[in-house]
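J.: Fold the following for me, if possible:
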Amino acid sequence: MSLPFLLEIGTEEIPDWMIEPALESLRTMFAESIGGEFSAKMDATPRRLVLRAAGLPEKQPDEVKKVAGPAVTAPEAAVVGFARKQRVPTDQLQREDGRYVFSKLIPGRMTRDILAETLPGIILKISFPKTMYWTAKSGPHFIRPIRWIVALLGDEVVPFEIADVKASNVSSGHRILGEPHVPVTVDNYEQRLRENFVVVSAVEREDVIRRGLGRDIAAEAKDLLATLVYLTEYPAVINGAFDEEFLSLPEEVLVTVMRHHQRYFAFLQGGRLVPQFQAVINTKDDSDGIIRKGNERVLRARFSDAKFFWETDQRKKLAERRADLAHVTFHAKLGSYLDKTDRIVKLVEQLGGDSSAIKAAEVCKCDLTTELVKELPELQGQVGGLYAKAQGASDEVWKGIYSHYFPIRMEDAIPGVVAGQLVSIADRLDTLRECFRIGLIPTGSRDPFALRRAAQGIVKILVEGKWRVGVSNLLRLPKLSVQSFQQQTSGEVTVFEPVESAGVSPEENLLRAFFLDRVRYYFKDIRGFKYDEVNAVLASGWDDLVDVEERLVAIQAVRPTEDFEPLAASFKRIQNILKQAQFTGNGGAIDPALLEPGPETDLYAEFQNVRGRAANQPYRPALEMIASLRPKVDLFFDKVLVNAPDAKIRQNRLTLLHTLLAEFSTIADFSEIVTNA
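T.: Take a look at the predicted model:
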């Protein structure tokens, strides 16, 4: 007989961003504890975590455990003693593999008893970034105080308690609108809570909000929607307005105040902000308009503050604020933001930035000293760009400042101007290099300085901005010795000049490995290239990430052709042959006179032909030409003995294979391609 199960953990309000990970943690631990086949549904509101499972057995299946006893040749007293210990007569013993064995029946436990025993531990082990105690320091810890617990297996309460809160069949409705004590069953749980103004389903609450908004929301507002779903139990949407005078402020300021600080949805019409907003409330309606008026009053106060800061800040030019950065600490071991700005400027100069990029770099951090950024820290960089624009800076300069924190997430666009891309790279690069230099290296999930995000931003800008740059020189510690860094324009490419190096420090090796991991992540997880294609291309070099992208695109296009994967399998075979022979080439050249007429000379001739034709071709046609070698390679392996008895011939054949492999492995290490061969 299978039974449904309901668990509801009632708490004080849980932070919205912690809820979904907590549900997944609860699901995983419950499944591990119960085992067997069942389906589970997870739900939550700010005040409750809910697990509903179907198909739990009333009791666990019986288990037969075989207990091994003495050997069949053992004295009778030993056999009698074993039977006595198992509390059975000797005639109930069996013989298996030369020993006496007793098959002991272990009755399956009642699922209700297992749940009562395991649920307290499962609940208190739910993963949260931090927890609190509310009874005593020695008492249980949870994200918020537990106020009630519903635990029902079928019609029966699962008996357990946590911090004097006993599991029962009594839930609680909406904090204001509902009853504090709501008896429920597994079947009527959702309906009973709905009657008490709690919508248990997050999906349904999102749908209620979307319908209340009555319009499509901007992609940037989807995070706000997800937040509001877990801030409400019975959501409703209200409309509000603000004075048109505030439209004189930049749209970024107004939207940030509404979206990030007040959690309101802004209104755009024809791409322009209008003086209206929508708010989500946690109650059934606002028929008397009291809530709307309160929201409008609060928003007016926030906008008035922002307007005051906007006007006051601009009494001092951005350039005049540089000295103030000396009083803003970047890191205790790395100095102030003035020190960091000086390093960014130097990097931009070394990277070949023009006067606009250098001007943007000189003041890119100055808005950290403004009152508006102190009030709206989400607008770092953007405020600086807006102030620069208002103070007469050129488009390249103010946009460079405005966008130098972009991309914040991998789905964001890179800065749209060269100055922004250069300053963004320099800013992130400085953070990476300086943190690694003093040993502030991410470990596991800990990354307090967001170095993974910094590295991913650099990778994204280099690739999508088509910057051809020697990454190995970018990552040099502690100094970057570079001649120039120019974007590819009109087919002309200028890259980093070679740098003399007396050796690579352990920190630099760690940085390179760390950065390579981010490169791999970008191409595999963000761009969607197959893992073996990424491994193959990176194994052949990753100093120029634009070149990496071009090789990946070519392999992705050519891979479906009939010759590509078989040739990759042949390259893997070549690599294994060379490895077994411990052959490294030794700089030797192929001697055509030692080639055997037939498949061997045919392969050599075709290799020479393909090498010549592919030399100046883009990667895709070059790969297609390389793949065309497949029939000649197959025939060579079918008809020619590589490890010939004659040492000179054997050496020549190994040289041919080594040359073939080395010539075409500059595009990719084809042995990394996973094939069916």
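
J.: Next, residue 440: phi, psi?
T.: When read as degrees, to the nearest 10, the backbone of residue 440 gives phi -90, psi 80.

J.: number of nearby residues for the closest residue to residue 440 other than its chain neighbours?
T.: Closest residue to residue 440 apart from its sequence neighbours, by C-beta to C-beta, 6 or more residues apart in numbering: residue 449 at 6.1 Å. C-beta coordinates here come from the backbone N, C-alpha and C atoms, glycine included. Look at residue 449: counted by other C-beta atoms under 10 Å, it has 16 neighbours.

J.: isn't residue 449 right next to residue 434, touching?
T.: No - look at residue 449 against residue 434 with C-beta atoms under 8 Å: they stay out of range, at 9.6 Å.

J.: Could you pull up the residues touching the residue nearest to residue 440?
T.: By C-beta atoms under 8 Å, 6 or more residues apart in numbering, residue 449 lies in contact with 431, 435, 440, 442.

J.: show me where the stretch 151-300 of the chain has strands.
T.: For the stretch 151-300 of the chain, strands defined by DSSP state E, counting those that start in this stretch occupy the ranges 156-157, 161-162, 165-168, 170-171, 182-183, 236-241, 264-269, 272-281.

J.: pLDDT of the first one, averaged?
T.: Translated: strand 156-157. Averaging pLDDT along strand 156-157 yields 96.

J.: so how far is the first residue of stretch 201-221 from its last?
T.: In stretch 201-221, first residue to last residue: 21 Å (C-alpha to C-alpha, to the nearest Å).

J.: how near is the residue nearest to residue 190 when sequence neighbours are not counted to residue 238?
T.: In space, and not counting its chain neighbours, residue 190 is closest to residue 200: 5.2 Å by C-beta to C-beta, 6+ apart. In this view, residue 200 and residue 238 are 23 Å apart by C-beta to C-beta, to the nearest Å.

J.: What of residue 273?
T.: 19 Å.

J.: cool, residue 193 as well?
T.: In terms of C-beta to C-beta, residue 193 sits 23 Å off from residue 238.

J.: now swap in residue 308 and tell me
T.: Counting by C-beta to C-beta, the gap from residue 308 to residue 238 is 27 Å.

J.: what do you get for residue 533?
T.: For residue 533, the distance to residue 238 (C-beta to C-beta) stands at 52 Å.

J.: of these two, who's got more company?
T.: residue 533 (22 against 18).

J.: How about that one, nearest residue that isn't a chain neighbour?
T.: The nearest residue in space to residue 533 (C-beta to C-beta, 6+ apart) is residue 555, at 5.2 Å.

J.: wait, isn't the one you found in contact with residue 669?
T.: No - using C-beta under 8 Å, residue 555 is not in contact with residue 669, being 11.0 Å away.

J.: Which neighbours do those two have in common?
T.: By the contact definition C-beta under 8 Å, 6+ apart, residue 555 and residue 669 are jointly contacted by residue 536.

J.: Give me the more crowded residue out of the two.
T.: When neighbours are counted by other C-beta under 10 Å, residue 555 and residue 669 differ, and residue 555 comes out ahead with 25 against 21.

J.: Which helix runs longest in the chain?
T.: helix 290-313 (DSSP state H).

J.: partners of the next helix or strand after that one in the sheet?
T.: Next along the chain after helix 290-313, taking DSSP states H and E as the criterion, comes strand 329-331. Here strand 329-331 has these sheet partners by DSSP bridges: strand 335-336 (antiparallel).

J.: element containing residue 430?
T.: Taking DSSP H and E as the criterion, residue 430 maps to helix 418-437.

J.: scratch that, residue 144 is what I was asking about
T.: Assigned by DSSP H and E, residue 144 belongs to no helix or strand.

J.: wait, what's in contact with it?
T.: When contacts are counted by C-beta under 8 Å, 6+ apart, residue 144 touches 11, 12, 13, 14, 132.

J.: now the residue lying closest to the first one once chain neighbours are set aside: how far from residue 132?
T.: The one in question is residue 11. Spatial nearest neighbour of residue 11, excluding adjacent residues (C-beta to C-beta, 6+ apart): residue 144 at 4.4 Å. Using C-beta to C-beta, one obtains 7 Å as the distance from residue 144 to residue 132.

J.: what's the overlap in contacts for those two?
T.: Counting by C-beta under 8 Å, 6+ apart, nothing touches both residue 144 and residue 132.

J.: Count the residues that sit near residue 664.
T.: A count of nearby residues for residue 664, using other C-beta under 10 Å, gives 24.

J.: Retrieve the pLDDT associated with it.
T.: pLDDT at residue 664 comes out at 83.

J.: Please verify my assumption that it contacts residue 670.
T.: Yes - with contact defined as C-beta under 8 Å, residue 664 and residue 670 form a contacting pair (7.3 Å).

J.: overlap in contacts of these two?
T.: residue 571.

J.: what's the farthest-apart pair in the contacts of residue 449?
T.: The two members of the contacts of residue 449 with the most space between them (C-beta to C-beta) are 431 and 442, at 12.0 Å.

J.: who touches both of the two?
T.: 449, 451.

J.: so where's the protein uncertain?
T.: Residues of the chain that meet the criterion pLDDT under 70 lie in 478-503, 677.

J.: which one of the strands of the stretch 151-300 of the chain is the most hemmed in?
T.: Burial of the strands of the stretch 151-300 of the chain is given as mean neighbour count (mean count of other C-beta atoms under 10 Å); strand 170-171 ranks first at a mean of 22.

J.: Direction included, what does it pair against?
T.: strand 182-183 (antiparallel).

J.: Run through who's touching the strand it pairs with.
T.: By C-beta under 8 Å, 6+ apart, strand 182-183 touches 169, 170, 171, 172, 173, 192, 193, 196.

J.: Among these, name the ones in helices.
T.: Reading helices off the contacts of strand 182-183 with DSSP H, I get 192, 193.

J.: Drop anything exposed from the contacts of strand 182-183.
T.: Among the contacts of strand 182-183, the ones that count as buried by 16 or more other C-beta atoms under 10 Å are 169, 170, 171, 172, 173, 192, 193, 196.

J.: Hmm, the fifth one is touching residue 194, no?
T.: No - using C-beta under 8 Å as the test, residue 173 is too far from residue 194 to be in contact (9.5 Å).

J.: Please determine how far the residue sitting furthest away from the middle of the chain is located from residue 214.
T.: Going by C-alpha atoms, centre = their mean, the residue of the chain most distant from its centre is residue 76, 66.7 Å out. Plainly put, residue 76 is 89 Å away from residue 214 if you go by C-beta to C-beta.
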